[in-house]
Structures are given as structure tokens and as C-alpha cells.
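In: prediction below, plus the sequence it came from.
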Amino acid sequence: MKHIYIVRHAKSSWSDLTISDVDRPLNERGKRDAPRMAEKCRELGVIPELIISSNAKRAMETCTFFINQYKLPDAQVQLNKKLYHAPEHVYIEEAQLVDDRISSVMMFGHNPGITYLANSISEKFIDNVPTCGVLIIESKVNSWMDLDLMNCKLIDFLYPKML
């Protein structure tokens, strides 16, 4: 059994329009929501063995709150440029590359790909995965290489306004 936790970055700042999209930081709401969501995930037993984040500053900052909550060593965190505004299939393709000794991975990325992913594997329509929303996905495969949209199931969907 494999578990994938997909996290949309927390709310980002638009206060400086001269900053490139990839360099936009979190705003105050994002800095408030990310640690609360990380704590909620830990309380629910959502604990990744590996974290992979988009290279966008807002995704990395969100990821840092989760790393601090889980107290993971640096060796378990990877940056991946492919997750920057990735379509849904890229999350699956990148998960397929994970070492089979790892059973749970958390990925930090962006919409619309995350919402498309949610709707590809959910029995219910999800209009939008909001900032700092978390998809909890399960697959009964033994090897990450066997992972695909057809064998993934959305187990839970968490977001800040639930707290």
C-alpha cells in the first residue's frame, strides 16, 4: 500500500507585482494556515517518509512548515521543478520514481493541476482545492511504478477553513 499526500501551497503574496511568479512568498494568511494544516495532518497520522516540493518560493515555504512539524531530516526533502504548475499526470509520474522502500510521499504544488488530480480520483466533484488544501490519496500497489490514476483513491480532503 502506498500513500500520497498532495498539498497546494498556502496563500501567496501579491503585494509586490515586480516579483516573478516563481519567487512569490507566502502572505500572512499563508504563514498562519500552513503550520495549522501541518499540525492537523500530523494529528491525523499523515506522516510522509519523503517530501517533494515545487521549486516555487511559496511551495517551499509551505513545505518548510510541514518539515518543522514532522522534524524530518534534510535528506528526506527534495525540490522538483516539474511540480511547478504541473498538470495532474506529473504528480503521478514523479511518484512513480520514488524508491519502493518508501510507502508515503508528500508533494507540494499548485493549481489547477492539484484540483484536476483530485477530480480524476474522487467519487465526488471538487470545485477547487484551496490554498493549503491537502489531498490524502491511497493506492493498493506495492511498487510506485504501478501507480496510476485508475488505482488511486482520494481518502480525505482537508483545507484550512475546516479548522
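Out: Sure thing, it's come through.
In: now residue 51: how far from residue 79?
Out: 10 Å (Cβ to Cβ, to the nearest Å). Where you see a C-beta, it was placed from the backbone N, CA and C, and this is true even at glycine.
In: what about these two, which has more around it?
Out: Looking at residue 51 and residue 79 with other Cβ atoms under 10 Å, you find the greater number of neighbours at residue 51, namely 22 against 16.
In: quick check: bridge partners of the more buried one?
Out: Beta-bridge partners recorded for residue 51 (DSSP bridges): residue 77, residue 106.
In: contact partners for it?
Out: 63, 66-67, 72, 76-78, 105-108 (Cβ atoms under 8 Å, 6 or more residues apart in numbering).
In: can you say which of these are buried?
Out: Taking 16 or more other Cβ atoms under 10 Å as the criterion, what is buried in those is 63, 66-67, 72, 76-77, 105-108.
In: and the longest helix along the chain, what does it pack onto?
Out: Among the elements of the chain assigned as helix by DSSP state H, the one spanning the most residues is helix 28-43. Helices and strands touching helix 28-43, by 3 or more Cβ pairs under 8 Å, 6 or more residues apart in numbering; DSSP states H and E, are helix 57-70, strand 152-158.
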